[in-house]
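*Asks:* got a predicted structure plus its sequence, pasted below:
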Amino acid sequence: MKDKSESLKIVNEDILRILGEQGGKCSLECISSKLNQPSSFEKAIKKLTNQELLRLQGDIAKLSEKGKATAGLICEKHNVIENYWIKKALADEEEAHQAAHLLEHHVSEKVIDNIRTISKIQRQGTLLSEFTGKEGMITNIVLEGGMFERLISMGFSPGEKLEIVEKLSNSIVITIKNKKLAIDREIANKIRVLEGVQFYG
């Protein structure tokens with residue numbers, strides 16, 4: 001049940017972001033074509049209409065004033081993440097856009113504030129496998145595809161705080177978002193962490 005509600009929440013946010021990017025108005029066909037999970041589209045449209053975040057005029061969806069405010073916050077979060085990936089992670093615009101699509105649903109406003117902070121810092125951070133501090137902030141994840149998505153779903157993100165619990169011969173035990181995890185050293189070689197940053201959360 002939680003997976004379905006989480007999936008619907010993601011589709012709702014995607015619809016609002018798409019409408020925000022399209023100036024507050026867009027055809028249902030256009031919105032559906034831009035979604036990663038179009039199967040929940042009709043349910044999401046109905047929910048957003050019931051919440052008075054959008055109105056339907058034939059086959060056109062239009063944001064209400066309340067919807068514009070919500071979409072504006074989602075678009076801002078997306079843009080902060082996307083710009084971070086372009087500037088700091090040296091990703092091209094399309095890669096950064098896709099990374100932002102994944103991350104925007106899993107990070108809090110505190111993490112967004114942290115991303116703003118580390119965007120201004122010139123240092124890239126140390127590989128997690130070589131990190132000697134007790135706690136730090138993630139500045140980069142250099143993984144692609146399924147592993148990147150898996151780490152995001154586990155709570156890894158630039159701007160997220162982690163704490164080293166123990167270093168073992170083949171893994172590193174950390175806590176992140178109140179979860180204790182053992183990270184394989186090969187993966188730890190793809191994650192950069194920065195110590196001594198004033199961060200939120």
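*Replies:* Yep, that arrived.
*Asks:* now the helices for the protein?
*Replies:* Assigned by DSSP state H, the helices in the chain fall at 2-21, 28-34, 41-50, 65-87, 93-103, 109-119, 145-154, 185-188.
*Asks:* backbone dihedrals for the residue of the chain positioned farthest from its centre, please?
*Replies:* Relative to the centre of the chain, the most outlying C-alpha is that of residue 58, 32.5 Å out, by C-alpha atoms, centre = their mean. Taking degrees, to the nearest 10, you get phi 70, psi -120 for the backbone angles of residue 58.
*Asks:* just put the helices of the chain in JSON lines and tack on mean neighbour count, mean pLDDT and distance to residue 128.
*Replies:* All C-beta atoms are positioned from the backbone trio N, CA, C, and that covers glycine. Below are those laid out as JSON lines (neighbours: other C-beta atoms under 10 Å; pLDDT from 0 to 100; distance: least, C-beta to C-beta, whole Å):
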{"stretch": "helix 2-21", "mean neighbour count": "18", "mean pLDDT": "85", "distance to residue 128": "27"}
{"stretch": "helix 28-34", "mean neighbour count": "14", "mean pLDDT": "91", "distance to residue 128": "34"}
{"stretch": "helix 41-50", "mean neighbour count": "16", "mean pLDDT": "93", "distance to residue 128": "36"}
{"stretch": "helix 65-87", "mean neighbour count": "18", "mean pLDDT": "88", "distance to residue 128": "18"}
{"stretch": "helix 93-103", "mean neighbour count": "17", "mean pLDDT": "78", "distance to residue 128": "18"}
{"stretch": "helix 109-119", "mean neighbour count": "18", "mean pLDDT": "82", "distance to residue 128": "15"}
{"stretch": "helix 145-154", "mean neighbour count": "14", "mean pLDDT": "80", "distance to residue 128": "11"}
{"stretch": "helix 185-188", "mean neighbour count": "15", "mean pLDDT": "91", "distance to residue 128": "4"}
